[in-house]
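Engineer: After the sequence you'll find the predicted model.
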Amino acid sequence: MIQIDGEITEITTPPNKADQFRDVTIWLPETEEHVEFKFTLESFKSAGFAEGDKISIKLEKKFDIDSLTKDLMNM
């Protein structure tokens, strides 16, 4: 598992989808890059995101070794 801490720097409304989505831009000091996530309006409101909020992102990598082996054998 990887955990990356960041800060919400910008919240925007995508054109033509204002009633459905919000884009949240997060600054990741560890990588010195911005990353953008798209949330449904419902998820965005329930999370209560605001510019300046600190955020932690947890990444877990899971894979099915049997499926991976099967795909490799079919190549």
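Structural biologist: Looks like it arrived, so ask away.
Engineer: Neighbouring strands - and their directions - for the helix or strand containing Lys58?
Structural biologist: Assessed by DSSP states H and E, Lys58 sits inside strand 54-59. The pairing partners recorded for strand 54-59 under DSSP bridges are strand 2-12 (antiparallel).
Engineer: buried stuff in the strand it pairs with?
Structural biologist: Within strand 2-12, the residues scored as buried using 16 or more other Cβ atoms under 10 Å are 6, 8. All C-beta atoms are positioned from the backbone trio N, CA, C, and that covers glycine.
Engineer: ok, now which ones touch the residue nearest the centre of the chain?
Structural biologist: The chain has Phe37 as the residue nearest its centroid, 4.4 Å off, counting by Cα atoms, centre = their mean. If you count contacts by Cβ atoms under 8 Å, 6 or more residues apart in numbering, Phe37 has them with 23-24, 26.
Engineer: Can I get those residues in TSV including neighbour count?
Structural biologist: Shown next, in TSV, are the contacts of Phe37 (neighbours: other Cβ atoms under 10 Å):
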residue	neighbour count
Asp23	15
Val24	21
Ile26	21
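Engineer: Sweet, I'm off.
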